[in-house]
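A.B. asks: sequence-free structure coming up:
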């Protein structure tokens, strides 16, 4: 059984993406890694070429500069998926990293469901970092789980802004892996974060929000907690080099109505073991 990895990227250096760490985190698991590199104003392509692994297959991908509401991301992701040679394909966005301790767990899950054609993909837990490598976001506005390993022969396709997938327009049927994706999209120096938001907002809205990102500052929000776990080994150098601070504590007097609603929802969830109105990009098979 062979596995393909795939992703897309553009302006990784300008946007502060840990794309090299992301790729390296699943290279021990995959037989090839397909990556579509969009036209960039930095050294993105050379950075990836310099990894020097023959399993990495780079192709040039043209990104239409017109605002698309994020649709361009799923279009480019499907270009990469189409080029994958194997049926099981591991999609990892360029700000997502897999912990080395989860690799065997993921491989075992793929092997377990290899012959079950009802399984379109595999589900992962998410650890979202925000503002600092020592802070995670756990409020209900952050998704808890998402599909990242897919079965290509099911006809599965990236959908919307490429957060999730669809099979013939329906949410894919999936099984859990009990593995985690470490999501670093919201942790980088504030200036770099502002640059990233500026470039991403242009995909959705054109240049309408450029001024909002010039003096970006991480905002206090409900559900931020200190991270007590261990980062993937490939991320440790970035973690050690953090040269900015971010205090996640938000005092009660600073709470707004949204914070109060999140708090009430958390209480309900703890009591009834159910999250009200949680959006899921998948159908979990029993």
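C.D. replies: Yep, that arrived. Not measured: the values here are computed from a predicted model.
A.B. asks: Can you list the low-confidence ranges for the stretch 1-150 of the chain?
C.D. replies: Counting by pLDDT under 70, the stretch 1-150 of the chain contains low-confidence ranges at 67.
A.B. asks: Show me where the protein has its helices.
C.D. replies: Per DSSP state H, the chain carries helices over the ranges 12-15, 19-26, 44-49, 71-82, 103-112, 190-205, 236-240, 257-272.
A.B. asks: by contact count, what packs against the second one?
C.D. replies: It stands for helix 19-26. strand 3-9, strand 32-38, helix 44-49, strand 96-98 (3 or more Cβ pairs under 8 Å, 6 or more residues apart in numbering; DSSP states H and E). Heads up, the C-betas are built off the backbone N, CA and C, glycines and all.
A.B. asks: who wins for proximity to residue 217 among these?
C.D. replies: Nearest to residue 217 among the helices and strands packed on helix 19-26 is strand 96-98; the distance by Cβ to Cβ comes to 24.3 Å.
A.B. asks: Now render the helices and strands packed on helix 19-26 as a markdown table, adding mean neighbour count and distance to residue 171.
C.D. replies: Below are those laid out as a markdown table (neighbours: other Cβ atoms under 10 Å; distance: least, Cβ to Cβ, whole Å):
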| stretch | mean neighbour count | distance to residue 171 |
| --- | --- | --- |
| strand 3-9 | 25 | 20 |
| strand 32-38 | 23 | 24 |
| helix 44-49 | 18 | 32 |
| strand 96-98 | 26 | 20 |
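A.B. asks: Could you export the ones you listed as JSON lines, including distance to residue 141?
C.D. replies: Below are the helices and strands packed on helix 19-26 laid out as JSON lines (distance: least, Cβ to Cβ, whole Å):
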{"stretch": "strand 3-9", "distance to residue 141": "25"}
{"stretch": "strand 32-38", "distance to residue 141": "28"}
{"stretch": "helix 44-49", "distance to residue 141": "30"}
{"stretch": "strand 96-98", "distance to residue 141": "18"}
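A.B. asks: and the helices of the chain, which is most packed in?
C.D. replies: Each of the helices of the chain was scored by mean neighbour count; the highest is helix 19-26, a mean of 23, by mean count of other Cβ atoms under 10 Å.
A.B. asks: Compute the inter-axis angle for it and strand 3-9.
C.D. replies: Put simply, helix 19-26 runs at 170 degrees to strand 3-9, going by axes from the mean of the first three to the mean of the last three Cα atoms, to 10 degrees.
A.B. asks: Other residues contacting helix 19-26?
C.D. replies: Residues from elsewhere that reach helix 19-26, judged by Cβ atoms under 8 Å, 6 or more residues apart in numbering: 5, 7, 9, 12, 33, 35, 44, 47-48, 51, 56, 90, 92-100, 103, 232, 234-235, 238.
A.B. asks: quick one on the thing from earlier: compare the helices of the chain and give me the one nearest residue 134.
C.D. replies: Distance to residue 134, taken as Cβ to Cβ, is lowest for helix 236-240 among the helices of the chain, at 8.5 Å.
A.B. asks: now the closest one, how far from the chain's geometric center?
C.D. replies: Taking Cα atoms, centre = their mean, to the nearest Å, one finds helix 236-240 lying 19 Å from the centre of the chain it belongs to.
A.B. asks: hang on, the earlier thing: for residue 178, find the nearest of the helices of the chain.
C.D. replies: Between these, helix 103-112 lies closest to residue 178; by Cβ to Cβ that is 6.3 Å.
A.B. asks: The closest one to helix 19-26, inter-axis angle?
C.D. replies: Going by the same axes, to 10 degrees, helix 103-112 makes 60 degrees with helix 19-26.
A.B. asks: Packing partners of helix 103-112?
C.D. replies: In terms of contacts (3+ Cβ pairs under 8 Å, 6+ apart), helix 103-112 is packed against strand 121-130, strand 145-151, strand 173-186.
A.B. asks: tell me which residues of the last one are tucked away?
C.D. replies: When neighbours are counted by 16 or more other Cβ atoms under 10 Å, the buried residues of strand 173-186 are found to be 173-175, 177, 179-186.
A.B. asks: Over to stretch 80-99?
C.D. replies: Neighbour-count burial for stretch 80-99, counted by 16+ other Cβ under 10 Å, picks out 80-81, 83-84, 87-99.
A.B. asks: how much space between residue 267 and residue 10?
C.D. replies: The gap separating residue 267 from residue 10 is 42 Å, by Cβ to Cβ, to the nearest Å.
A.B. asks: give me phi/psi at the nearest residue to residue 242 once chain neighbours are set aside?
C.D. replies: Spatially, and ignoring its direct neighbours in sequence, residue 242 is nearest to residue 133 (5.5 Å; Cβ to Cβ, 6 or more residues apart in numbering). With angles defined as degrees, to the nearest 10, residue 133 sits at phi -70, psi -10.
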